[in-house]
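A.B. asks: Give the three-dimensional model of this entry:
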Amino acid sequence: MSLVGFRARNHPQQTAKPLVDDRATTPEDFAAIATRLGPFTIDVAAAAHNTKCDRFYDVAADGLAQSWAGERVWCNPPYSSIEPWLVKAWAEADAAGTIVMLLPANRTEQGWWQRHVEPYRDVARDIFRVEFLPGRMRFIKPGDTEIKPNQRPPFGCCLLIWNGR
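C.D. replies: Sure thing, here's the model as predicted:
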């Protein structure tokens, strides 16, 4: 079998910005995470239709421009632009109570992971840790109220967890 001429293609859930950036964590998955790591006081990368907290920052409010001080932060950032959210989380880590970020777990080779996660993953356990989640989470597509068939993304997820000092 030859791979000459093979063209790799990303799955639409990795490239179609509305699907990638506006997916909602299911209430069941969020409840399980919040039971274990929450409660959360603010969702910093949300929209009115997909927020997981009573208080949230949407695109207009710009969670990257707001202070997260004193908050227990939930963040499912836009997957098309992850690095700015990691930079913000590290900048807010001391001031925030806790920050929990949900990310795709299949991008550990990418620059943002190598710069902002890997150097600290096994070193700073008192303030930062990574949890790889079992299986594949499902997300609710924009405009839908429930998960439909074949809406499981082609990757697993992980949680990045910062514990404020």
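A.B. asks: so which strand or helix has the most centrally placed residue in the chain?
C.D. replies: The C-alpha lying nearest the average C-alpha coordinate of the chain belongs to Leu102 (Cα atoms, centre = their mean; 2.7 Å). Using DSSP states H and E, the element containing Leu102 is strand 98-104.
A.B. asks: How about the contacts made by the closest residue in space to the residue nearest to the centre of the chain that isn't next to it in sequence?
C.D. replies: Closest residue to Leu102 in three dimensions, ignoring its sequence neighbours and counting by Cβ to Cβ, 6 or more residues apart in numbering: Asn76, at 4.5 Å. C-beta: built from backbone N, CA, C; applies to glycine. With Cβ atoms under 8 Å, 6 or more residues apart in numbering as the criterion, the residues that contact Asn76 are 23, 25, 43, 45-46, 52, 101-102.
A.B. asks: For the residue nearest to the centre of the chain, list the residues it contacts.
C.D. replies: Shown here is Leu102, whose contacts under the criterion Cβ under 8 Å, 6+ apart are 25, 33, 75-76, 157-159.
A.B. asks: just curious, which of the residues you listed is nearest to Leu86?
C.D. replies: Lowest distance from Leu86 to the contacts of Leu102 (Cβ to Cβ) belongs to Cys75, with 9.7 Å.
A.B. asks: Do I have it right that the closest one meets Thr51?
C.D. replies: No - counting by Cβ atoms under 8 Å, Cys75 does not reach Thr51; the two are 11.5 Å apart.
A.B. asks: any residues in contact with both of the two?
C.D. replies: The contact sets of Cys75 and Thr51 overlap at Asp43 (Cβ under 8 Å, 6+ apart).
A.B. asks: between those two, who's got more neighbours?
C.D. replies: Neighbours were counted for Cys75 and for Thr51 using other Cβ atoms under 10 Å; Cys75 has more, 24 against 19.
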